[in-house]
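**Student:** Okay, sequence plus prediction incoming.
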Amino acid sequence: MNKITISTEVIVYTYEELPPRYKELIDAAKAQTANAYAPYSQFKVGAAALLSNNEIICGSNQENAAYPSGTCAERTTLFYANARYPQSSVCALAVAAYQSGDFLEEPISPCGACRQVILESEERFGSPIDILLYGKRNIYLIKGARALLPFCFVGETMGYTIQTEKNTAYGKNTV
């Protein structure tokens with residue numbers, strides 16, 4: 001028998017310690033919680049993505065009585081960013097959650113489906129995304145989705161690659 005140990009580095013910040021651009025991104029994610037449609041869970045999540053063209057795209061969770069027809073803030077944000085600016089990679093993604101009249105004390109982490117979508121966005125552009133998870137006490141910075149999803153599901157693990165116009169233009173052959 002062999003054993004594999006997997007570790008994830010998480011950089012922990014207070015809001016005051018963040019670089020100005022990341023403060024702006026956190027503020028945008030927090031503001032987006034007000035746009036969440038969460039009548040069932042009352043758990044409001046906002047996300048904001050900083051794109052390589054310097055645009056900030058925001059989204060929030062959208063619930064639906066016909067579960068699982070809703071979608072999380074992270075996926076809402078990334079799908080909109082990729083649809084609106086298909087040539088711009090995502091550099092950073094901030095996530096904040098609001099419940100019972102206040103933001104959470106500690107950060108929340110993206111669900112598995114969102115982790116996969118973050119990973120796919122990284123793979124699409126060949127560039128890791130800084131993931132900022134907001135909590136009133138601490139803000140976590142994780143360098144890339146692979147740190148959240150160590151046994152990830154990507155083309156290379158399935159034994160194939162998909163060529164897209166974007167990755168071919170940069171001489172890459174990735175999923």
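**Tutor:** Good, I have the coordinates. Just so we're clear, the structure is a prediction, and the values are computed from it rather than from any experiment. Numbering: from 1, shown residues only.
**Student:** Can you tell me the closest non-neighbouring residue to Thr71?
**Tutor:** Leaving aside its sequence neighbours, Thr71 sits nearest to Gln62 (CB to CB, 6 or more residues apart in numbering; 5.5 Å). Backbone N, C-alpha and C define where each C-beta goes, glycine included.
**Student:** low-confidence ranges in the protein?
**Tutor:** Applying pLDDT under 70 to the chain picks out residues 155-175.
**Student:** tell me the helices in it, going along the chain?
**Tutor:** With DSSP state H, the ranges of helices along the chain come out as 20-32, 73-84, 112-125, 155-158, 165-169.
**Student:** nearest to Arg146, of these?
**Tutor:** helix 112-125 (6.8 Å; CB to CB).
**Student:** tell me which residues of the closest one are tucked away?
**Tutor:** 114-125 (16 or more other CB atoms under 10 Å).
**Student:** got a list of contacts for stretch 82-93?
**Tutor:** For stretch 82-93, contacts defined as CB atoms under 8 Å, 6 or more residues apart in numbering pick out 21-22, 25, 47-53, 55, 57, 74, 77-78, 81, 118, 121-122, 124-125, 127, 129-132, 166.
**Student:** Pull the longest strand along the chain out as CSV, backbone CA atoms only.
**Tutor:** For the chain, the longest strand by residue count, based on DSSP state E, is strand 90-99. Extracted C-alpha coordinates of strand 90-99, given in CSV (Å, rounded to 0.1, in the frame of the first residue of the first chain):
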residue,chain,number,x,y,z
VAL,A,90,-10.3,35.6,-15.7
CYS,A,91,-7.4,36.7,-13.5
ALA,A,92,-9.2,36.6,-10.2
LEU,A,93,-12.5,35.6,-8.7
ALA,A,94,-13.9,36.9,-5.4
VAL,A,95,-16.8,35.2,-3.5
ALA,A,96,-18.8,36.6,-0.5
ALA,A,97,-21.8,35.1,1.3
TYR,A,98,-24.5,36.9,3.3
GLN,A,99,-27.0,35.3,5.7
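**Student:** List the buried residues for that strand?
**Tutor:** 90-98.
**Student:** which one among these gets closest to Gln32?
**Tutor:** Nearest to Gln32 among the buried residues of strand 90-99 is Ala96, at 7.6 Å by CB to CB.
**Student:** any idea how far the closest one lies from Gln42?
**Tutor:** To Gln42, Ala96 is 15 Å away according to CB to CB, to the nearest Å.
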